[in-house]
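Chemist: Provided below are the primary sequence and the corresponding predicted coordinates.
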Amino acid sequence: MSEKKVLHPGLNLHATDPGRHSQAETTVFGFWIFLMADLVLFALLLATYGSMSAHGVADGPGPDELFELKMPLIQTLVLLASSFTIGMAMLHVKYSSDLQGLSLWLAATALLGLVFLVLEARDFHRFAVTEDAPPQRSGFLSIYFLLTGTHWLHVACGLVWMALLAVQTRAWGLASQVKLRLMRLGLYWHMLDVVWVAIFTFVYLFGVIS
Amino acid sequence: MSEKHRGDDIAESEDLGRKEELRRYLIGGAATILLTLAAFAVVAFNLFDRGATLLTVSFLALAQIAAHFHFFLHIDLWKSHRDDLMLILFTLLIILLMVGGTTWILFDQWSRMM
């Protein structure tokens, strides 16, 4: 083998930026280990939810009384769209094309993320106040708020991260560590969407079915 | 780098060029949206009975997660991606053990308390 090239998960830079690629390898792989650990956390929250939604309703409302389909569908489409826009941003990172395109796609992603957060927060408010189903009412509601709240916080952290990187991109351009940070942000955002797929299926759809 | 080495160390899936990668993202976006709409439609229109609906929806979720990993996170079965695939498969094993174990224990305990 004349030239050994190792790939890491996610978008690889070696074709367009070989120097940065060797740097990216360990960094991004390490970040993947964090992502996978995060995935285990969400999986366990979901497992607890599965048990609680069957046995922990107590005298509070159950999933079939609380959930409907319209809001989760809109939220899912918004998050999916943001997954696509950040993919477009990552293509701009990989091919180091115009910074303006990158900031536009990032801004679109941030906007969609913000819409998701607002919709989700409105849902939380509706459950906790209007429906009289706050987290302390039953085990099912506690774990529901914990699971979706953890996801909500992850998205919020992603938005803060995105804002910081937008500033860094403006200040230092793409020829620095910023590139690797943007790539990790992309992976993080896609992973949040994967978690949301599990949430809308096993929380909302299963809730409406039962 | 000679041509014959290409297939050995580099997943060609990462050297497609911008246009092809854009196409991948577009296909990924379309696939995930279709799978989402299908899952919601199955529930909204009551297409099957309860058991079949639960199964279909779970299957659609797995398919969509696989699509996310393939199209957006660029995970595939290329030789040079094996290490990463190992990490993901190991995580999957941990998740199966812990989620399966948790569910089993909690449901078993509940049935004993009834």
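Modeler: Arrived safely, thanks for sending.

Chemist: how about the lengthiest helix in chain B: buried residues?
Modeler: The single longest helix within chain B, with elements called by DSSP state H, is helix B:82-113. Neighbour-count burial for helix B:82-113, counted by 16 or more other C-beta atoms under 10 Å in any protein chain shown, picks out B:Asp84, B:Leu85, B:Leu87, B:Ile88, B:Thr91, B:Ile94, B:Ile95, B:Val99, B:Thr102, B:Thr103, B:Leu106. For the C-beta atoms, the positions are set from N, CA and C on the backbone; glycine is no exception.

Chemist: who are the packing partners of that helix?
Modeler: helix A:18-55 (3 or more C-beta pairs under 8 Å, 6 or more residues apart in numbering or on different chains; DSSP states H and E).

Chemist: and the helix it packs on, which residues are buried?
Modeler: Of the residues in helix A:18-55, A:20-21, A:24-25, A:28-29, A:31-32, A:35-36, A:38-39, A:42-55 count as buried by neighbour count, 16+ other C-beta under 10 Å.

Chemist: now do stretch A:55-72
Modeler: Per 16+ other C-beta under 10 Å, stretch A:55-72 contains these buried residues: A:His55, A:Gly56, A:Val57, A:Gly60, A:Pro61, A:Gly62, A:Pro63, A:Leu66, A:Phe67, A:Leu69, A:Pro72.

Chemist: pretty sure the fifth one contacts A:Pro134?
Modeler: This means A:Pro61. No: at 11.2 Å, A:Pro61 does not count as touching A:Pro134 under the criterion of C-beta atoms under 8 Å.

Chemist: and the residue positioned nearest the centre of chain B, which of the three is it?
Modeler: Nearest residue to the geometric centre of chain B (C-alpha atoms, centre = their mean): B:Ala66, 1.9 Å. Following DSSP: H, G, I helix; E, B strand; the rest coil, B:Ala66 is assigned to helix.

Chemist: show the pLDDT at it.
Modeler: On pLDDT, B:Ala66 comes in at 91.

Chemist: and A:His125, by the same measure?
Modeler: We have a pLDDT of 94 for A:His125.

Chemist: equivalent analysis for A:Phe67, please.
Modeler: pLDDT, read off for A:Phe67, is 90.

Chemist: list the buried residues in the helix or strand that B:Val42 is a member of.
Modeler: If you go by DSSP states H and E, B:Val42 is part of helix B:18-44. Within helix B:18-44, the residues that count as buried by 16+ other C-beta under 10 Å are B:21, B:24-25, B:28-29, B:31-33, B:35-36, B:39-40, B:42-43.

Chemist: where does the chain dip in pLDDT?
Modeler: No chain in the question, so chain A it is. Counting by pLDDT under 70, the ranges of chain A that qualify are A:1-23, A:96-97, A:176.

Chemist: looking at chain B here, not the other one
Modeler: Along chain B, segments meeting pLDDT under 70 span B:1-16, B:78-82.

Chemist: all the helices of chain A, residue numbers only.
Modeler: Applying DSSP H to chain A gives helices spanning A:18-55, A:63-66, A:70-94, A:99-125, A:139-172, A:178-199, A:206-209.

Chemist: as a markdown table, those with distance to B:Phe71 would be great.
Modeler: A markdown table is the format used below for the helices of chain A (distance: least, C-beta to C-beta, whole Å):
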| stretch | distance to B:Phe71 |
| --- | --- |
| helix A:18-55 | 17 |
| helix A:63-66 | 31 |
| helix A:70-94 | 8 |
| helix A:99-125 | 17 |
| helix A:139-172 | 20 |
| helix A:178-199 | 9 |
| helix A:206-209 | 25 |
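
Chemist: contacts only, for residue 110.
Modeler: If you meant another chain, say so; for now it's chain A. A:Leu159, A:Met162, A:Ala163, A:Ala166 (C-beta atoms under 8 Å, 6 or more residues apart in numbering or on different chains).

Chemist: look at chain B instead
Modeler: A:Ser51, A:Ala54, A:His55.
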